[in-house]
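S.K.: Could you look at this predicted model? Sequence included:
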Amino acid sequence: MKPAVFAMCLLLPLMLFIKCGGERSFQIPDYKTWNKVIPQVLDRPVPGHGATFRVIYANETAFSSEIVTDDTGVRSVKMKDGSIIVKEVYKKREDVGYKVPDLLIMEKRGSDPESLNGWRYYLKKPAEKTVEVRTRMCVGCHEAANEKHPYFDGNRDEIFRDYLFISIAK
Amino acid sequence: MELPDRPEFFKRITFKVPLLVAVVLILGLGVVVSYYLRAQNETIRRSKESEVMQEGEILYTAVKNNMLAGEAPIAVQLFRDFERRGFASMIGLYRADGVSAFSDNKTIETVNRNLGKSRFMDKKRPAELRTINDPLFLESVTKVEDIFIRDTRGDKKNVLIYKPLLNQPKCSGCHGIDHAVRGVIVISSPFDEVYRMARNNIIFSVLLYVVVLVVLTGAIILFLRRYIIGRILELGRVVKGVGSGDFVTKIDVDSVDEIGELGNELNSMIDGLRERFMLSKFVSRSTLEHIKGEMDIFPGGEKRLLTVLFTDIRNFTEYSENRNPETVLEMLNTVMSMQARIIHKNGGDIDKYVGDEIMAVFDGEDMVYRAAKSAEEIRREIRKMNEASVTPIYIGFGINTGEMIAGNMGSVDRADRTVIGDAVNLGARLCSIAGRNTIVLSEHSHGHISERGEFREQKPVRVKGKEKTVKIYTLVRTL
């Protein structure tokens, strides 16, 4: 075997390994064309966001998710893979729709072993790169969505909502 | 390229091969053992760390669910029980400001203030305050991130986990919304046992490595010496013996492998060489010299100035009459061997033996003198032999110098390397007319060495094949 071919055989897997080892990139979708999860601007101060103003969008895949009822009659929400929820966060009410907000994004990737409870979380600040949030910050709150909580309908029945505080599944 | 001078030992295969084996084994086994050792220790360490992380996650889930509204005392009791049970791991809950939870009334006061009523009573006897000032603790709070610390600096090695406990929506009613982190679960687990295992692993592996290395190196070297190097050296020893003329010792072939095959081939070669060596005794040196480097032998020759010496035992018939053949042959061999030795010593070449006669050829510088010297020495030796013998032996000598044709006589299939010509014939005639122990030189030969010896001019003689008489001289002694 020629030395160059031999070197290629050695280097190719290494290059693939290096390539595969890179951080996953996420392209911010054109979410403004999507439907809002709730028409109102959310203004209730919440831990983590503080006294901010939030507008939430979801893609069609998210809206097409269904409520599943099992053999025992227990209902639960299973969001489809590919569901994306985008939360705009504004500091002031008058900025809503005018200024570039912080974006907090959830992407459903149920079979992804790197996902947190089936979701990957991203943060995009104006003029900054999108970063994936792998700390407890996002998932720490969203894991409580399947219990009773003080938002929206409060999930009084404590059904599994796939870590979303409001159910948008049909 | 010339190799630098090194001690002979380092050049030998008996050094190089074991060295190569040892180096390959040291490096090869070393790389493998160190890789697996490193991998195994890493696995042990990761396994323990993973176990601690898992424990932390379970604890986090338990604590999170115990911290529901109004259920804080359950969490207090949980941590108190952890402390009482005396687990190897230290498990604690701290507020975001680094102060141990449940040790004072600060949280109770906050909750009561947020609820607008005295839902919980102040502690009457606050517990001992413990504070963590680790910057990584603060980082865990600010980044809302689990922080895993491997502390292996001191004697007491441990792993430490800071797990922030979030102020979830359900908690914010009591604890307020101005902070994301309610507290931090701290788990510190001793890691000494893991390091002890890793250290023992290293010690055992290194010992095993050394033992395996020594055993393997020894076994391979012994194998190589016994079955390869030793046999190659044996081949070399036998071949060296052949070079020194030992055509009797053969290679002891006891296998059918490549070295065995080589041994058989060498044995066949030795047989062939022995045959040729024996054959070489039946031909003259000039013939041997001539055939060296010649691919083929063709009849033909060249005219050269040479000196011939003929010797002939004068009274051989008389000597052999009353003796058995063995005795005669023994005497003949003794005399012929003595003559051959002296002729060779003086640079002569025995062209042929004809019965009890020797024909020798001398070439090059001093050829006449060396021929005369040979004859004189033979005469001296024969006189010595005669002193101890009942029946004396006498030899006649004839020496002539002149142009002769030296070359291959015969056919392509069978040829003799010899000299022919008038000058040769005259040498033979001079020998035939020489008296007992008399050395007869032709005029030409005498002319070459007349100043280097004492001669007596004899009466010219008529020899067969010559019309005119020939002037001859006898050698008294050389100077």
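M.R.: Done, it's in.

S.K.: Nearest residue to the middle of chain A?
M.R.: residue A:106 (0.4 Å; C-alpha atoms, centre = their mean).

S.K.: now for the one helix or strand that residue maps to, which elements pack on it?
M.R.: Element membership for residue A:106 (DSSP states H and E) is strand A:102-108. Judged by 3 or more C-beta pairs under 8 Å, 6 or more residues apart in numbering or on different chains; DSSP states H and E, the packing partners of strand A:102-108 are strand A:84-90, strand A:119-124, helix A:136-142. For every residue, glycine as well, the C-beta is placed using N, CA and C.

S.K.: could you dump these to a markdown table with distance to residue A:78 and mean neighbour count?
M.R.: As requested, the helices and strands packed on strand A:102-108 are exported to a markdown table (distance: least, C-beta to C-beta, whole Å; neighbours: other C-beta atoms under 10 Å in any protein chain shown):
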| stretch | distance to residue A:78 | mean neighbour count |
| --- | --- | --- |
| strand A:84-90 | 15 | 22 |
| strand A:119-124 | 12 | 20 |
| helix A:136-142 | 15 | 22 |
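
S.K.: any idea of the mean pLDDT for the lengthiest helix in chain B?
M.R.: The longest helix of chain B (DSSP state H) is helix B:13-66. Averaged across helix B:13-66, pLDDT comes to 87.

S.K.: what sits up against the strand holding residue A:106?
M.R.: If you take C-beta atoms under 8 Å, 6 or more residues apart in numbering or on different chains as the criterion, strand A:102-108 is touched by A:26, A:28, A:61-62, A:79-89, A:118-126, A:130, A:133, A:138, A:142, A:162, A:164.

S.K.: And stretch B:382-390, by the same measure?
M.R.: With C-beta under 8 Å, 6+ apart as the criterion, stretch B:382-390 contacts B:334, B:335, B:338, B:392, B:393, B:394, B:395, B:437.

S.K.: one more time with 10 Å
M.R.: B:311, B:313, B:319, B:331, B:334-335, B:338-339, B:392-395, B:436-437 (C-beta atoms under 10 Å, 6 or more residues apart in numbering or on different chains).

S.K.: Output stretch B:162-175 as PDB, nothing but the C-alphas.
M.R.: What follows is stretch B:162-175, C-alpha atoms only, in PDB (Å, rounded to 0.1, in the frame of the first residue of the first chain):
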ATOM      1  CA  TYR B 162     -23.100  21.100  43.500                       C
ATOM      2  CA  LYS B 163     -26.600  20.600  42.300                       C
ATOM      3  CA  PRO B 164     -28.700  23.800  42.200                       C
ATOM      4  CA  LEU B 165     -32.300  23.300  43.300                       C
ATOM      5  CA  LEU B 166     -34.500  25.500  41.200                       C
ATOM      6  CA  ASN B 167     -37.100  27.800  42.400                       C
ATOM      7  CA  GLN B 168     -39.800  26.100  40.400                       C
ATOM      8  CA  PRO B 169     -43.200  27.700  39.600                       C
ATOM      9  CA  LYS B 170     -44.900  25.700  42.300                       C
ATOM     10  CA  CYS B 171     -42.300  27.000  44.800                       C
ATOM     11  CA  SER B 172     -42.400  30.600  43.800                       C
ATOM     12  CA  GLY B 173     -45.700  31.200  45.700                       C
ATOM     13  CA  CYS B 174     -43.800  30.800  49.000                       C
ATOM     14  CA  HIS B 175     -40.300  31.600  48.000                       C
END
